[in-house]
Every structure is written in structure tokens, then in C-alpha cells.
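1. Predicted model and sequence follow; I will ask about them next.
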Amino acid sequence: MLQNHSEHGVGPDNEVFEKLRQAIEARTARVGIIGLGYVGLPLAVTAANAGFPVLGFDIDARRVERINAGETMIKHIDGALIKGAIDKGLFEATADFSRLKEADAILICVPTPLTRHREPDLSFVTATAKVVAENLRPGQLVALESTTYPGTTDEVLRPVLEQGGLKSGRDFFLAFSPEREDPGNPDFGTSTIPKVVGGDGPLAMELADALYGALVTRTVPVSSTATAEAVKLTENIFRAVNIALVNELKVVYEAMGIDVWEVIDAAKTKPFGFMPFYPGPGLGGHCIPIDPFYLTWKAREYEISTRFVELAGEINTAMPRRVVDRLARAMDEQLKRGLNGARVLVLGIAYKKNVDDMRESPSLRLIEMIEERGAETAYHDPHIAEISMTREHAALAGRRSVELSAEALAGYDAVLIATDHDAVDYKLVVDNAKLVIDTRNACVRHALKSERIVKA
């Protein structure tokens, strides 16, 4: 562990530090987790499984009630794990934020979306920081996990927490450790993904490294909170840029009569120097469509233009419109009719296969664009029975997944595969649909061939 405790005027005899360090080592430190969603809930279960008493906080009283009943809110998180932790007395959820005083470590897992002008929206972070500050006491570790721009922990979070007179590195300890969740990934879960950790000074670094080291297989300490923040942005910008590249290649190769999926499958056989990324109808999820713009916004403070990142964003955000244009062209060519007055079924509302997560899903924008062209739409998703309320697509809230049957499929002019869930019977779709627009190469992977299948 790090042993240099000279920053912030704190020496190695800091009593609150030593008491917390010992509690973490003994796994008696109570871990408070704010936000029991796709990041916070699996983290809470992981901490409880590691033997720490966990207190989960959420503003949604109904969610708290269901969790305390041992119910899961997220399909890929086993409800039995939640109930097991509760039955052992290691996990409790609450909407009473005054109980933050009971926590020895407070891990913040709240959303960091973009505004309509694609600027960082830190309202959830700042609101949470104010609540934490109202209940902050000496000897607590506070760690932010929400993805954000470099400098947020130091420039936004710390000043709010210090308003009551307590000082970071002396009275409480501040860290940043970005979440690395990949919902639905069968190979990696919270405990098996290495955790990047940056502290506000060496004492915070040591405590955060000790806590997360008890939860995951390996920690990756870095020199500062800003570095840790930059690591997470870099990971997601890497994906966003490479997805933009293959999306652009798809357009080029399509004009040449070349199947980009076949190209990628052949290229990935090279055992070095190539990593496969795949095109799609647009970016989804809470990270990849959003995180790059956190860096572009922060870079402007230094009078630097992030042209490469911004170009990738332009390409990826343009994909839904291109898909709808391809749908319209295919209907004109094969069905001899336009989109106006047509009935279109969208397969998949989730942003990726086999999950119940619709955050930033391109399917929502696809539905809106198709309806703007005068068509009627419906959707089928085996994992999402109803579209929940979102800030950007409020008009779609409440719509429910329709039945997938031969009779139902025959009633649509086109079926658009937006998410390639494994639970979908693609043979049923191809056999009964008048036209199939495949944005995920799902039909090829299921060895289905038909003149009615059009890749987009």
C-alpha cells in the first residue's frame, strides 16, 4: 500500500484514517451506496458477498421496497443474491438519506447525462454531494463512481463536501473509481473486472484501494482522481471512435457492393493488430453515446478542439437516420410503397442484446423518425415489456411490447431488427414478414436467407 501521507498536512498518526483502515481490513466498515440502479445494485450485492454490511440509498421508495423484499429490479442480477444478502443481515435499502451518517464508506453511483446542448449534466452529482455534505462526519470515505470529465471530483465534489468545515484528507477521504459494468456480459461481473482507483491524496488512495481491493479481483491504482476520470473516458471514447469507423466503412462498402460484416469477420482472423468492432443502428447505453462529449466539453476550457472525437459523434448520431432512409428505400424497391401510412415493427428496444436496459437506445430515436415519416410503429422486446419514461423520448412512455406471431408479423409492412436478442425466433420473422431490415446481421448469424432481407 501507499505509505506517503504527507499531503493535506496529514501525518501517519491520523486517528480517523487508522480507524477506518482497520474497519475496512476487518470488513466491519459499513458501505453506503447511493443509487441502486445498473451500477449501484450489483455493487451492493458484491460488497455484501464480500462480507461488508451494506446500506443502499435510492430516492425511489418503490424500488427500495422491492429490493428489501428480495426482488431484483434488473434481469441480469439474480434476485436470490439480493435476498441472500438481506437474510444474512448484510444488505438493507433505504430512502432515508439521513442514515448516511451510519456509513463508513459512501459510494456514489448516480447518472451523469448530457443536456440538450450536449454539455455535461452534473445535477445528480451535485444534488447528491449536498445531501452527503449534510450528513458527512469525520472518518468517512466518499468515492464517486459516475463517469465524468477530469477534474469533477476535485473541482465539483470536494468543494461541496468541504462546505461544512470538514477537510478532505484530514477529516474525510475522497476518491474516484469509475464503474466498469457491462450488463449481460456472461464472462465478467462486478467482482471480476479490475477497478481503477484514484484518491485525493495518499490517505484516500490507500483507503479506497483497500476497500475496492476487498471487492474485486484486482485494483489499478492511478496517481490522481483526474487520472482515474480520464481512464474511464478513454475507454469509452476508444469504443465510440472505432464504432464510428466501422459505421462509416459500412456506408462505403455498401456503395461498393461489399458486405462489411463479412469483411470484419475475415479481418478478425488476424492474430495481431486488429480488434473487431461492429456497425449498428446507432449508439446506446449510458456510457458510449455520452462520455466522449464530457471530454470535448472540458477540452474547450483549455482551448483545445477534439475534432476526432466530435467527428465520431457526428457519424454515430447520424446512423438512425441512415437506417430509416434505407428502410424507406427498401420499401419503395420491394413493396412499391412509401413509409407514409405503413406499419413497421421494431424488434428490440434495449440498447444491446439480452438485457433489459433501454438507456439511450437508438431504437427510441428510430421509432420517432419512422413515425415522423407518417408510418405507424409497434415494438417487440422479450426483455422490456413497457417503455419507461425518459427525458428525451417522453411521448413513447407506456407503449408495450406486442406479440410475435406469424399472424402478427404478416400484418406489418416491414420488420426492423434494431436489437439482436437471442430469445427472438428469427426464422419465424423471416418466414412471415414482407420485408426485414437487419441492422445487426442477425439473419446471417442464424443462417437465414431471403430476398426479403435487407441489411442496413
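-> Structure's in. What do you need?
2. Domain parsing of this protein, as residue ranges.
-> Per automatic domain parsing, the domain ranges recorded for the chain read 7-223, 239-455.
3. for the first one, the distance to its chain's centre please.
-> This means domain 7-223. 17 Å (CA atoms, centre = their mean, to the nearest Å).
4. Looking at the domains of the chain, which one is packed in the most?
-> Per-stretch averages of neighbours, counted by mean count of other CB atoms under 10 Å, single out domain 7-223 among the domains of the chain, with a mean of 19. Where you see a C-beta, it was placed from the backbone N, CA and C, and this is true even at glycine.
5. Quick check: mean pLDDT of that one?
-> Looking at domain 7-223 alone, the average pLDDT works out to 94.
6. For residue 232, find the nearest of the domains of the chain.
-> domain 7-223 (3.4 Å; CB to CB).
7. sorry, back to before: now tabulate the domains of the chain in a markdown table and tack on distance to residue 230.
-> Output for the domains of the chain, formatted as a markdown table (distance: least, CB to CB, whole Å):
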| stretch | distance to residue 230 |
| --- | --- |
| domain 7-223 | 5 |
| domain 239-455 | 8 |
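8. Other residues contacting stretch 135-145?
-> With CB atoms under 8 Å, 6 or more residues apart in numbering as the test, stretch 135-145 has contacts from 16-17, 19-20, 39, 43, 97-101, 103-109, 125, 132, 152-153, 157, 161, 164, 166, 171-179, 204, 207-208, 211.
9. how about a cut-off of 7 Å?
-> The contact list for stretch 135-145 (CB atoms under 7 Å, 6 or more residues apart in numbering) reads 16, 19-20, 39, 97-98, 100-101, 103-109, 132, 153, 157, 161, 164, 166, 171-179, 207-208, 211.
10. start to end distance for stretch 343-362?
-> 19 Å (CA to CA, to the nearest Å).
11. can you start the count at 37 instead of 1 from here on
-> All set: I'll call the first residue 37, so the last point we hit is now stretch 379-398.
12. could you give the mean pLDDT of it?
-> 95.
13. Same question for stretch 270-277.
-> Stretch 270-277 comes out at a mean pLDDT of 95.
14. How about residues contacting that stretch?
-> 319, 323, 324, 327, 328, 331, 344, 345, 348, 352.
15. try 10 Å this time
-> Contacts to stretch 270-277, defined as CB atoms under 10 Å, 6 or more residues apart in numbering, come from residues 183, 214, 216, 232, 266, 311, 313, 319, 321-332, 342, 344-345, 347-349, 351-352.
16. gap between residue 475 and residue 284?
-> Taking CB to CB, to the nearest Å as the measure, residue 475 falls 15 Å from residue 284.
17. Now do the contacts for the residue nearest the centre of the chain.
-> Central residue of the chain (CA atoms, centre = their mean): residue 322, 3.7 Å from the mean position. Remark: with contacts taken as CB under 10 Å, 6+ apart, residue 322 is in contact with 73-75, 147-149, 182-183, 215, 217, 219, 272, 387, 393, 395-396.
18. And the closest residue to residue 71 other than its chain neighbours, how far from residue 164?
-> Of all residues not flanking residue 71 in the chain, residue 145 sits nearest, at 4.0 Å (CB to CB, 6 or more residues apart in numbering). According to CB to CB, residue 145 and residue 164 sit 9 Å apart.
19. returning to what we had before: the residue nearest to residue 71 contacts residue 80, correct?
-> Yes - taking CB atoms under 10 Å as the definition, residue 145 is a contact partner of residue 80 at 9.1 Å.
20. between the two, what contacts are shared?
-> 69, 71, 72, 92, 93.
21. What does the pLDDT read for the residue nearest to the centre of the chain?
-> pLDDT, residue 322: 72.
22. can you tell me the helix or strand for it?
-> Using DSSP states H and E, residue 322 sits in no helix or strand.
23. gap between it and residue 224?
-> Counting by CB to CB - residue 322 and residue 224 are separated by 17 Å.
24. from the middle of its chain, how far away would stretch 387-401 be?
-> The answer for stretch 387-401 is 10 Å, by CA atoms, centre = their mean.
25. Quick check on residue 473: phi, psi?
-> Torsion angles at residue 473 (phi, psi; degrees, to the nearest 10) stand at phi -100, psi 110.
26. and the closest residue to it other than its chain neighbours, what are its bridge partners?
-> Leaving aside its chain neighbours, residue 473 sits nearest to residue 452 (4.6 Å; criterion: CB to CB, 6+ apart). Residue 452 has the following beta-bridge partners by DSSP bridges: residue 382, residue 473.
27. If I look at residue 452, what pLDDT would I see?
-> The model's pLDDT for residue 452 equals 98.
28. one step back: for residue 413, state which of the contacts of residue 322 is nearest.
-> Checking the contacts of residue 322 one by one against residue 413 (CB to CB), the nearest turns out to be residue 387, at 17.5 Å.
29. quick one: the closest one and residue 429, what's the gap?
-> For residue 387, the distance to residue 429 - CB to CB - is 13 Å.
30. And residue 149, by the same measure?
-> If you go by CB to CB, the gap between residue 149 and residue 429 works out to 13 Å.
31. Now do the shared contacts for those two.
-> residue 396.
32. mind listing what the residue nearest to residue 473 touches?
-> 317, 359-360, 362-363, 380-384, 399, 402-403, 406, 413, 415, 469, 471-475, 490, 492.
33. Out of those residues, name the ones that lie in strands.
-> 380, 381, 382, 383, 413, 415, 472, 473, 474, 490 (DSSP state E).
34. is it true that the first one touches residue 449?
-> Yes - between residue 380 and residue 449 there is a contact under CB under 10 Å: 6.5 Å.
35. Now list whatever residues contact both of these two.
-> 363, 367, 411, 412, 471.
36. what's the spacing between the residue nearest to residue 71 and residue 470?
-> Distance from residue 145 to residue 470, by CB to CB: 45 Å.
37. Same check on residue 249?
-> 57 Å.
38. How about residue 175?
-> 66 Å.
39. And for residue 176?
-> For residue 176 relative to residue 470 (CB to CB), the value is 61 Å.
40. again, but for residue 329
-> 39 Å.
41. Could you check the pLDDT of the closest residue to residue 312 other than its chain neighbours?
-> Spatially, and ignoring its direct neighbours in sequence, residue 312 is nearest to residue 304 (4.1 Å; CB to CB, 6+ apart). As predicted, residue 304 sits at a pLDDT of 98.
42. My guess is residue 304 contacts residue 298. True?
-> No - under the criterion of CB under 10 Å, residue 304 is not in contact with residue 298, lying 11.2 Å apart.
43. Identify the contacts common to the two.
-> Contacts common to residue 304 and residue 298, judged by CB under 10 Å, 6+ apart, are absent.
44. end to end, how far does stretch 304-313 reach?
-> Per CA to CA, stretch 304-313 runs 9 Å from first to last residue.
45. can you map out the helices along the stretch 287-436 of the chain?
-> Here the stretch 287-436 of the chain has its helices, by DSSP state H, counting those that start in this stretch, at 296-303, 327-336, 343-366, 398-408.
46. Now distance to residue 277 too, for these, in JSON lines please.
-> Supplementary listing: the helices of the stretch 287-436 of the chain in JSON lines, determined by distance: least, CB to CB, whole Å:
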{"stretch": "helix 296-303", "distance to residue 277": "16"}
{"stretch": "helix 327-336", "distance to residue 277": "8"}
{"stretch": "helix 343-366", "distance to residue 277": "4"}
{"stretch": "helix 398-408", "distance to residue 277": "17"}
